[in-house]
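Enquirer: prediction below, plus the sequence it came from.
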Amino acid sequence: MINQLTAQFKERYDTQPEARAFAPGRINLIGEHTDYNGGYVFPAAIALGTYGVASKRQDKEIHLYSNNFESVGELVFSLEDLSFKTDHDWGNYVKGMIAYLIEDYPDINTGMNILIEGNIPNGASLSSSASLEMLSGWLVKSLFDLSVDRLQLIHLGQRVENQFIGVNSGIMDQFIVGMGAKDHALLLDTATLEYHEVPAQFGDYVISIMNTNKRRSLTESKYNERRAECETALEELQHHLDIQSLGELSVETFEANAHYITSDTNRRRARHAVTENQRTKDAYQALQHDDFTTFGQLLNASHESLKEDYEVTGQELDTLAETAQQVEGVLGARMTGAGFAGCAIALVHKDSIEQLETDVTTAYVERIGYEPSFYHVSIGDGVKNL
Ligand code: GLA
């Protein structure tokens with residue numbers, strides 16, 4: 001992919017790229033909607049991702065082209081006007097990163113050409129946007145030799161998402177895209193940003209990714225709504241408990257105080273955040289002991305909680321996860337990422353992959369009317385030069 005992009009870049013811009021990079025997508029094993037609640041997450045970077053090549057220009061123009069958005073065509077704007085523009089579409093993620101980098105690094109003083117191509121299915125909850133943010137940050141860092149480090153880029157990426165794009169997402173996606181390590185998942189405490197790498201090895205079992213292929217809609221507004229519901233629940237609890245986030249609560253303390261949350265809906269949202277945090281810690285322990293059966297059961301419990309308490313699954317994700325859970329050789333399955341559409345994951349014995357795909361496809365087509373897709377990808381590195 002990178003060689004073909006390099007050749008295409010030479011042809012398009014009549015010069016060699018000075019920077020070449022790759023940023024992965026991600027799956028989250030468990031710990032969903034816990035990252036903006038000060039809890040644990042357990043994501044892994046995947047071998048699918050976004051490739052980019054870039055060079056500096058003599059003038060102040062930024063030229064962006066993505067092979068994934070041919071119909072949008074080449075986007076051209078000036079280094080001096082990096083404001084959000086709806087018709088700049090995918091380019092706003094790149095623009096946002098440059099706009100925020102320039103605040104701290106005035107050495108970014110010329111325009112640039114950037115050519116991009118990704119193989120993360122779009123809108124599949126595999127973090128194609130965080131991948132694009134981190135890739136563009138990395139390319140600009142390389143082009144201008146900036147001293148910005150991974151963690152700073154991660155924070156900038158989250159800020160682009162929150163302030164430039166308007167999704168109040170947590171830090172998980174940018175963090176794993178920035179810090180991912182081959183064959184490892186990261187157990188990240190989002191309250192402190194302490195993390196450790198955990199070998200993502202499941203014996204005879206592998207992670208299968210199942211895509212609903214459903215077009216996402218309303219995801220952003222519903223995402224922001226869930227976050228606000230958790231914040232309201234936290235505020236009510238704070239009148240009685242000395243806590244900064246829901247992630248500080250044990251399940252027992254939460255249950256003993258849950259009645260202080262006045263809305264039944266908000267109480268269920270908070271219950272998910274607290275129980276999911278506990279499941280994530282338990283899943284880490286299970287993996288430490290090669291106890292894949294317990295790990296799988298925690299995946300199932302996570303899906304159930306995201307369905308009943310958090311209400312972010314929907315018929316498509318439920319059909320994928322719940323059908324997969326019934327297949328012999330599957331230890332557990334759950335949605336991954338923000339939810340509403342996108343992907344689910346299953347922990348499946350390597351001899352049962354075909355069975356999983358057949359059973360899930362049959363049930364999905366019957367209930368939903370079109371086919372899901374399946375991916376088996378290795379766990380790879382975070383953003384890097386190529
Ligand atoms: C999206 C967000 C993340 C996280 C997940 C849900 O991927 O970008 O910050 O909140 O949803 O766990």
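Expert: All right, it came through fine.

Enquirer: measure stretch 121-135 end to end?
Expert: 16 Å (CA to CA, to the nearest Å).

Enquirer: can I get stretch 245-261 as PDB, trimmed to CA atoms?
Expert: Extracted in PDB, the C-alpha atoms of stretch 245-261 (Å, rounded to 0.1, in the frame of the first residue of the first chain):
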ATOM      1  CA  SER A 245     -15.600  10.000  38.700                       C
ATOM      2  CA  LEU A 246     -17.900   6.900  38.500                       C
ATOM      3  CA  GLY A 247     -14.700   4.900  37.900                       C
ATOM      4  CA  GLU A 248     -13.800   5.300  41.600                       C
ATOM      5  CA  LEU A 249     -16.800   3.300  42.800                       C
ATOM      6  CA  SER A 250     -16.900  -0.300  43.600                       C
ATOM      7  CA  VAL A 251     -20.100  -2.100  42.600                       C
ATOM      8  CA  GLU A 252     -21.000  -2.500  46.300                       C
ATOM      9  CA  THR A 253     -20.700   1.200  47.000                       C
ATOM     10  CA  PHE A 254     -22.500   2.100  43.900                       C
ATOM     11  CA  GLU A 255     -25.500  -0.200  44.800                       C
ATOM     12  CA  ALA A 256     -25.600   1.200  48.300                       C
ATOM     13  CA  ASN A 257     -25.900   4.800  47.000                       C
ATOM     14  CA  ALA A 258     -27.700   4.200  43.600                       C
ATOM     15  CA  HIS A 259     -31.000   5.500  45.100                       C
ATOM     16  CA  TYR A 260     -29.500   9.000  45.200                       C
ATOM     17  CA  ILE A 261     -29.600   9.100  41.400                       C
END
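
Enquirer: for the closest residue to Met179 other than its chain neighbours, give me its contacts.
Expert: With sequence-adjacent residues excluded and distances taken as CB to CB, 6 or more residues apart in numbering, Met179 is closest to Gly382, at 5.1 Å. C-beta here means a position set from N, CA and C on the backbone, and glycine is covered the same way. Going by CB atoms under 8 Å, 6 or more residues apart in numbering, Gly382 touches Ala23, Pro24, Ala45, Met134, Arg150, Ile176, Val177, Gly178, Met179, Gly180, Ala181.

Enquirer: swap in Cys230?
Expert: Counting by CB under 8 Å, 6+ apart, Cys230 has contacts His33, Tyr36, Asn37, Leu246, Asn266, Arg269, Ala270, Ala273.

Enquirer: who wins on neighbours among those residues?
Expert: Ala273 (30 neighbours; other CB atoms under 10 Å).

Enquirer: name the helix or strand for that residue, please.
Expert: Using DSSP states H and E, Ala273 falls within helix 264-288.

Enquirer: and for the closest residue to Thr219 other than its chain neighbours, the neighbour number?
Expert: Distances taken as CB to CB, 6+ apart put Phe340 closest to Thr219, at 4.9 Å, once the chain neighbours are dropped. Look at Phe340: counted by other CB under 10 Å, it has 22 neighbours.

Enquirer: does the ligand sit close to the lengthiest strand in the chain?
Expert: If you go by DSSP state E, the chain has its longest strand at strand 43-56. No - Strand 43-56 does not reach the ligand (CB under 6 Å from any ligand atom); its nearest approach is 8.7 Å.

Enquirer: swap in stretch 224-240?
Expert: No - taking CB under 6 Å from any ligand atom as the criterion, stretch 224-240 and the ligand are apart, separated by no less than 8.1 Å.

Enquirer: filter the contacts of Cys230 down to the ones near the ligand?
Expert: Answer for these near the ligand (CB under 6 Å from any ligand atom): His33, Tyr36.

Enquirer: near the ligand, which residues of the stretch 151-300 of the chain?
Expert: Ser169, Gly170, Met172, Asp173.

Enquirer: redo those as JSON lines? Include distance to Gln288 and secondary structure.
Expert: As requested, these are exported to JSON lines (distance: CB to CB, whole Å; DSSP: H, G, I helix; E, B strand; the rest coil):
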{"residue": "Ser169", "distance to Gln288": "29", "secondary structure": "coil"}
{"residue": "Gly170", "distance to Gln288": "25", "secondary structure": "coil"}
{"residue": "Met172", "distance to Gln288": "21", "secondary structure": "helix"}
{"residue": "Asp173", "distance to Gln288": "25", "secondary structure": "helix"}
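
Enquirer: most neighbours, which of those residues?
Expert: When neighbours are counted as other CB under 10 Å, the busiest of those turns out to be Asp173, with 30 neighbours.

Enquirer: who's in contact with it?
Expert: Here Asp173 is in contact with Arg26, Pro43, Ser127, Ser129, Ala130, Gly157, Glu161 (criterion: CB under 8 Å, 6+ apart).

Enquirer: can you tell me the element Ala344 falls in?
Expert: strand 343-349.

Enquirer: which residue packs closest to Ile353, ignoring adjacent ones?
Expert: Ser208 (6.2 Å).

Enquirer: let me fix that, I meant to ask about Val360.
Expert: Nearest non-adjacent residue to Val360 (CB to CB, 6+ apart): Thr323, at 4.9 Å.

Enquirer: quick check, the one you found in contact with Val365.
Expert: No - Thr323 is beyond contact range of Val365, at 11.1 Å (criterion: CB atoms under 8 Å).

Enquirer: more neighbours, those two?
Expert: Thr323 (24 against 13).

Enquirer: the more buried one belongs to a helix, doesn't it?
Expert: Yes - counting by DSSP: H, G, I helix; E, B strand; the rest coil, Thr323 is located in a helix.
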